[in-house]
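Chemist: structure, please.
(2 chains)
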Amino acid sequence: MAGSSWQRTHRIGALSEANVGEQVVLNGWVAKRRNMGGIYFLDVRDRFGLAQVVLTGSEERLGWSMDEGAILAPEDVLSIVGKVQKREQPNPDLPTGQIEVIATKVEVLSRSTLPPFEIERDSDANVELRLRYRYLDLRRPDMQEKMAFRSRFIGAMRNAFLARDFLEIETPILTRATPEGARDYLVPSRVHKDHFYALPQSPQIFKQILMVAGMDRYFQVARCFRDEDLRADRQPEFTQLDMEMSFVEEENIFETWEGVLVDTFRAAMGIELPATFPRLTWHEAMERYGIDKPDTRFGMELVNLSDWASTSGFGVFENAVAGGGRVMAICVPGGGTSYSRGAMKNLEKRAKESGAAGLAWWKPGETGGGAGPVAKFFEGAVGESLLQAVGGSQGDLVLFAAGPRALCWRVLGEMRLAIGREQGLAKPGAWNFLWVTHFPMFEWSEEEGRYFSAHHPFTAPQDWELGGDPAEMASRAYDLVLNGWELGSGSVRIHRRDVQRRVFDLLGITPEEQQAKFAFLLEALSFGAPPHAGFAVGLDRLVALCKGLDSIRDVVAFPKTLAAVDLMCQAPSTVTDQQLADVHIQLRQDS
RNA sequence: GGGGGCGUAGCUCAAUUGGUUAGAGUGCCGGCCUGUCACGCCGGAGGUUGCGGGUUCAAGUCCCGUCGCCCUCGCCA
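Modeler: Just a heads-up that it's a prediction; the model follows:
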């Protein structure tokens, strides 16, 4: 057990009254110095906490001198020998505030130059500096707690899957480029001239092949790579909790994840989630919330007024319906008073940014009518029937959208979220998980004149026969949504070679291309592929959300900037001519 | 690629309409102090105003370019 004499006997943060009277050795960083002249207080920090060390000139001291103490600098690494004593004046703000350590010996294990910013819980140093000196940023108690939480959370999730007989299996990081989806990160091959590996956007195909291999239940904490532009919630490399199951359908996936998340939230956060989450079809989500990842922490749902509008006598609305579109609305409770003229201008501006021609709004008055550009059309009975249709009353604010349904959804969906944010409508402390199912199978791309997979090309259709108009086909893809954030997505997969072929065909992938890029998958599907389904959750986002953070940078140890640069190690970098020659690459000089 | 914001002392920020020697807080260094814990008091050091160019008698401030960071739209199956 005995190591070198400088090695700690206790963790600093673990010291308590139980240790009073004990001789201890502590290792940690100088956090704060308070020199009173004849007595010197030192706050010393390790990952587990902080405690006060007292240096005095009394006869108790051993191998200690104040002169040396005076030159201790912030972030010096120390080994302290001393005795724990109960404080006469406890500090109630400190977990170790009941005790202090009277030092008999202080050894400097490592000197620190003055850090570029102070290592304290709440740093106000700017992001750039924090990223350049990430090891100092991570030394802050705040960041250490976030990293610890992430570790604990992922550990709990891992345990939950292992307890359900899932196998944790690693899949390759060096794999092959995929034709659909995000831009790939490429890695040139030295051995094979002109050939490249790609880093995986996700382990999608590998996990399906693990199902063909009879692994039955797979999961992995998987790093994924996508070479697209970044956001606060998007890094070029990110971590997914990826899983796949054989002989299952949607409900089995939902039940598994509900159980895993209940277990994880309980173990990592002490939060008791409901045993099941609501299920909503994509169509229902769009009709009620105007978005496929609804924040259900508040109401204010969309209302379809098309029936009412077609007989309203208000030309603009009647024409919208007659033209094949619709009229929809949301009713802001109490919005009649909380939204002033100026605030309405803001809302109008936002509606236009969402693609609306304008924003019709109405503050219903006592006997119909009321205020707003369209109020004069809603006098009397028309207004009353309208008010009834939107479920509102005097003092509310009604916002209208007219036109194609997709436009109405988008405009009112965004209005709803913006107003919800402004008014603080979301119930605090709520964890509103929900499943969104029946996503569309395909999306039409105007630029390329072909369909793209709404999820990915291995997603099973609701109808195995793939009948009807591709634009109307529903898939067996589903998302998990938490408080308006898309946490993850998955689907029942295509386990039939013939169906996979037909989907490739519908996507405009030629038979030659199918052969070149997916031969191994199609072949695998021909060797007895079990029906299977899976799911993946973005862990960075989930952990950030659990900690109430807007940016995933705060839960990633070494994140990159919006320009995909690592400010600490300065990646990406140039490489030597020899390295380029090894991988048969010649740089272009023209760009 | 488009739009927006920011860049001044180690750090966080201020600096009137373009006008004196670019300030404050904090940190750091030195001195004093035996019970502090945001210690206190006294003193001190510390500036390529991101970088380059321009306009002007005069630029932190105005103009052009450029670099970096952040937010966002496109993009992210």
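Chemist: mind listing what A:Lys293 touches?
Modeler: A:285, A:436, A:479, A:481, A:484-486 (C-beta atoms under 8 Å, 6 or more residues apart in numbering). Every residue, glycine included, has its C-beta placed from N, CA and C.
Chemist: for RNA strand B, tell me which of the residues you listed show up nearby.
Modeler: When contact is defined as C-beta under 7 Å from any atom of the strand, these do not meet RNA strand B at all.
Chemist: hmm, A:Thr113 and A:Pro74 touching each other?
Modeler: No - with contacts counted by C-beta atoms under 8 Å, A:Pro74 stays clear of A:Thr113, the gap being 9.7 Å.
Chemist: quick one, which of the contacts of A:Lys293 are buried?
Modeler: A:285, A:436, A:479, A:481, A:484-486 (16 or more other C-beta atoms under 10 Å).
Chemist: mind putting these into JSON lines with pLDDT, secondary structure and distance to A:Lys146?
Modeler: Output for the buried ones among the contacts of A:Lys293, formatted as JSON lines (pLDDT from 0 to 100; DSSP: H, G, I helix; E, B strand; the rest coil; distance: C-beta to C-beta, whole Å):
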{"residue": "A:Ala285", "pLDDT": "95", "secondary structure": "helix", "distance to A:Lys146": "31"}
{"residue": "A:Val436", "pLDDT": "96", "secondary structure": "strand", "distance to A:Lys146": "29"}
{"residue": "A:Asp479", "pLDDT": "96", "secondary structure": "strand", "distance to A:Lys146": "26"}
{"residue": "A:Val481", "pLDDT": "96", "secondary structure": "strand", "distance to A:Lys146": "23"}
{"residue": "A:Gly484", "pLDDT": "92", "secondary structure": "coil", "distance to A:Lys146": "22"}
{"residue": "A:Trp485", "pLDDT": "92", "secondary structure": "strand", "distance to A:Lys146": "18"}
{"residue": "A:Glu486", "pLDDT": "93", "secondary structure": "strand", "distance to A:Lys146": "22"}
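Chemist: determine which two of those residues are furthest apart.
Modeler: A:Ala285 and A:Trp485 (13.8 Å; C-beta to C-beta).
Chemist: with adjacent residues omitted, what lies nearest to A:Gly372?
Modeler: With sequence-adjacent residues excluded and distances taken as C-beta to C-beta, 6 or more residues apart in numbering, A:Gly372 is closest to A:Trp362, at 4.3 Å.
Chemist: count the neighbours of that neighbour for me.
Modeler: As a burial measure, the neighbour count of A:Trp362 was computed by other C-beta atoms under 10 Å and equals 27.
Chemist: could you report the separation of A:Thr239 from A:Gly342?
Modeler: Shown here: A:Thr239 relative to A:Gly342, a distance of 44 Å by C-beta to C-beta, to the nearest Å.
Chemist: likewise A:Ala275?
Modeler: 46 Å.
Chemist: repeat that for A:Arg11.
Modeler: As judged by C-beta to C-beta, A:Arg11 and A:Gly342 stand 56 Å apart.
Chemist: now A:Arg121, what's its secondary structure?
Modeler: Each residue gets one of three states, and A:Arg121 gets coil by DSSP: H, G, I helix; E, B strand; the rest coil.
Chemist: relative to A:Arg134, how far out is it?
Modeler: Note on A:Arg121: its distance to A:Arg134, by C-beta to C-beta, is 17 Å.
Chemist: which of those two has more residues huddled nearby?
Modeler: When neighbours are counted by other C-beta under 10 Å, A:Arg121 and A:Arg134 differ, and A:Arg134 comes out ahead with 18 against 11.
Chemist: not counting residues beside it along the chain, what's closest to that one?
Modeler: Closest residue in space to A:Arg134, ignoring its immediate chain neighbours: A:Met568 at 4.8 Å, by C-beta to C-beta, 6+ apart.
Chemist: show me the contacts for that neighbour.
Modeler: For A:Met568, the contacting residues are A:131-135, A:558, by C-beta under 8 Å, 6+ apart.
Chemist: what is the neighbour count of A:Ala351?
Modeler: For A:Ala351, the number of neighbouring residues by other C-beta under 10 Å comes to 24.
Chemist: list the contacts for the spatially closest residue to it that is not a sequence neighbour?
Modeler: Counting by C-beta to C-beta, 6+ apart, A:Ala351 lies nearest to A:Leu359, which is 3.9 Å off, once chain neighbours are set aside. The contact partners of A:Leu359, taken as C-beta under 8 Å, 6+ apart, are A:344, A:347-348, A:351-352, A:399-401, A:411, A:415.
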